[in-house]
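1. A structural model of the following input is requested.
(2 chains)
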Amino acid sequence: GENVEQHPSTLSVQEGDSAVIKCTYSDSASNYFPWYKQELGKRPQLIIDIRSNVGEKKDQRIAVTLNKTAKHFSLHITETQPEDSAVYFCAANTGTASKLTFGTGTRLQVTL
Amino acid sequence: DVKVTQSSRYLVKRTGEKVFLECVQDMDHENMFWYRQDPGLGLRLIYFSYDVKMKEKGDIPEGYSVSREKKERFSLILESASTNQTSMYLCASSFRVGSVAQHFGDGTRLSIL
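-> Numbers count the residues shown, from 1 in each chain, chains lettered A, B, ... in the order given. A predicted model of the protein is given here:
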């Protein structure tokens, strides 16, 4: 089955700096890659997703890039703010189109 | 806005009890999922269902079963609860085709004593 690895497990940046979280996947058939943000005590929420026919997607301060050849995708957050502090999960779909395999999460801390 | 509602935020049960976790969604989604979330392990899929009365095992189905009698409701059952099933349980739902983004409930923190 699909295996998704996520790095780093923790990331601390200063407010205003950029943050990058990287994920690799194993199943070359995967074609959908969402990113979720989970604030403390809250549900995971979808923040951005990308399909395999696209190399990059942006939404204001967040962007996701996909390299299908290398089977990795990354989340980029620019001009980080304290409210960006959360745990971020990457995921990739497997076999059945809408089933997801998640990475183990990255705890991002934005310090003042 | 998608609403996925889990019946309890916190639940405390004893070992050997039969435990039911309920999830309801209001978006007419075909797919529903149960995950457990443990520190350092991310979200692991227990079971999912792509239609009423249909189910498939996820990555960690042992000790669990599910029921989907109606499209909007998906239940997770711990047949005989054990302490290693103490965890956060998250329900999610999605369409089967098109926009397949999964939408999560608030989670149930289950403690087995």
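
2. CA atoms for contacts and neighbours, from now on please.
-> Noted.

3. Strands of chain A, residue ranges please.
-> A:4-7, A:10-14, A:19-25, A:32-38, A:45-51, A:56-59, A:62-67, A:72-77, A:86-94, A:99-102, A:106-111 (DSSP state E).

4. In TSV: the ones you listed, plus mean neighbour count and mean pLDDT.
-> Formatted as TSV, the strands of chain A follow (neighbours: other C-alpha atoms under 10 Å in any protein chain shown; pLDDT from 0 to 100):
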stretch	mean neighbour count	mean pLDDT
strand A:4-7	20	96
strand A:10-14	15	97
strand A:19-25	21	98
strand A:32-38	22	96
strand A:45-51	18	94
strand A:56-59	14	94
strand A:62-67	19	97
strand A:72-77	20	97
strand A:86-94	25	94
strand A:99-102	25	91
strand A:106-111	20	97
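
5. of all those, which lies closest to chain B?
-> strand A:99-102 (6.0 Å; C-alpha to the nearest C-alpha).

6. all strands for chain B, in order.
-> B:4-6, B:10-13, B:19-25, B:31-38, B:42-51, B:54-57, B:64-70, B:73-78, B:87-94, B:103-104, B:108-112.

7. Rebuild those strands as CSV, extending it with mean neighbour count, distance to chain A and mean pLDDT.
-> Below are the strands of chain B laid out as CSV (neighbours: other C-alpha atoms under 10 Å in any protein chain shown; distance: least, C-alpha to the nearest C-alpha, whole Å; pLDDT from 0 to 100):
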stretch, mean neighbour count, distance to chain A, mean pLDDT
strand B:4-6, 22, 10, 96
strand B:10-13, 13, 12, 96
strand B:19-25, 20, 14, 97
strand B:31-38, 23, 8, 96
strand B:42-51, 22, 4, 94
strand B:54-57, 15, 10, 92
strand B:64-70, 17, 16, 96
strand B:73-78, 21, 16, 97
strand B:87-94, 25, 8, 97
strand B:103-104, 24, 6, 96
strand B:108-112, 19, 10, 97
